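Asks: Let me see the structure of the following:
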Amino acid sequence: MAVCNVCGTYVEDGVKSCPNCGSPIASAVVEQAAQAVNQAAEQVTQTADQAAPAAQAAPAAQAAPAFINSLNSINGNMDAKNNKKLDALVEKLDGKDFTASFSAGEKEDNKLWAILAYFGLLALIPLFVAKDSKYAKFHTNQGLLLLIVEVGLGIVSLIFSFIPFIKVVLAPIFLSLTIIFGATMFVYGIMNAVQDRAKELPGIGGIRILK
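Replies: Numbering: from 1, shown residues only. So this is what the prediction gives:
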């Protein structure tokens with residue numbers, strides 16, 4: 001039991017005020033204050049727990065843009081390197097242009113021989129008829145290169161046709177690619193000759209068999 005500090009009356013536990021004088025019971029006041037303190041402590045703890053993930057997420061959120069920018073920078077550098085490699089490969093495959101090395105008169109006088117140079121064995125005609133023309137010799141070199149490559153690819157296709165598995169699956173594909181390649185190079189060379197250009201055939205035109 002609790003005792004009233006004012007009048008000395010005994011009261012039951014849990015009673016907040018004295019039934020005799022109406023004064024508040026000291027033990028009840030202390031208990032109420034303790035409960036208020038405990039509730040306040042629980043609220044502080046909950047607030048801290050809720051704030052902790054946000055505090056942990058804040059550095060990650062701040063670091064995310066920097067990480068993304070770093071990835072973008074790496075990706076940009078890789079793209080630049082790949083583009084340079086691709087440009088170098090394209091430049092290597094694409095034939096060099098020597099049109100400026102020949103005069104307009106020489107190109108016009110030898111246009112017929114330049115065109116004949118791409119018609120297979122007819123390339124031998126400008127080789128002897130226009131042997132003094134460097135322009136005709138340039139296109140003759142390109143035409144002979146194309147002829148040699150086409151003959152080589154034709155031999156490979158013929159060999160493939162005797163191999164059981166390859167002749168059924170790969171030989172027709174290889175033959176088709178050979179025909180497409182030959183036709184493409186033929187048209188490319190003819191167009192250069194007709195338009196008075198001295199440009200190498202892509203991929204193969206850099207080889208010199210005629211000096």
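Asks: contacting residues for Phe181?
Replies: 149, 153 (C-beta atoms under 8 Å, 6 or more residues apart in numbering). C-beta here means a position set from N, CA and C on the backbone, and glycine is covered the same way.
Asks: So this structure: which segments form each domain?
Replies: Taking automatic domain parsing as the reference, the chain has its domains at 2-91, 99-194.
Asks: distance of Leu122 from Asn192?
Replies: 16 Å (C-beta to C-beta, to the nearest Å).
Asks: Looking only at neighbour counts, state which of these two leads.
Replies: Neighbour count, other C-beta atoms under 10 Å: between Leu122 and Asn192, Asn192 has more, with 24 against 15.
Asks: looking at the domains of the chain, which has the lowest confidence?
Replies: Among the domains of the chain, domain 2-91 carries the lowest mean pLDDT, a mean of 64.
Asks: Next up, identify which helix or strand Gln39 is on.
Replies: helix 26-93 (DSSP states H and E).
Asks: Run through who's touching the next helix or strand after that helix.
Replies: Remark: after helix 26-93, the chain's next helix or strand is helix 104-109, criterion DSSP H and E. With contact meaning C-beta under 8 Å, 6+ apart, helix 104-109 is reached by 99, 114, 133-135, 196, 198.
Asks: Of those residues, grab the buried ones for ChimeraX.
Replies: In ChimeraX syntax, the buried subset of the contacts of helix 104-109 is picked out as below (16 or more other C-beta atoms under 10 Å):
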select :99,114,133,135,196,198
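Asks: which one of the contacts of helix 104-109 is nearest Ala183?
Replies: When the contacts of helix 104-109 are compared for distance to Ala183 (C-beta to C-beta), Ala114 wins out at 18.8 Å.
Asks: Filter the contacts of helix 104-109 down to the ones in helices?
Replies: When DSSP state H defines the helices, the subset of the contacts of helix 104-109 inside them is 114, 134-135.
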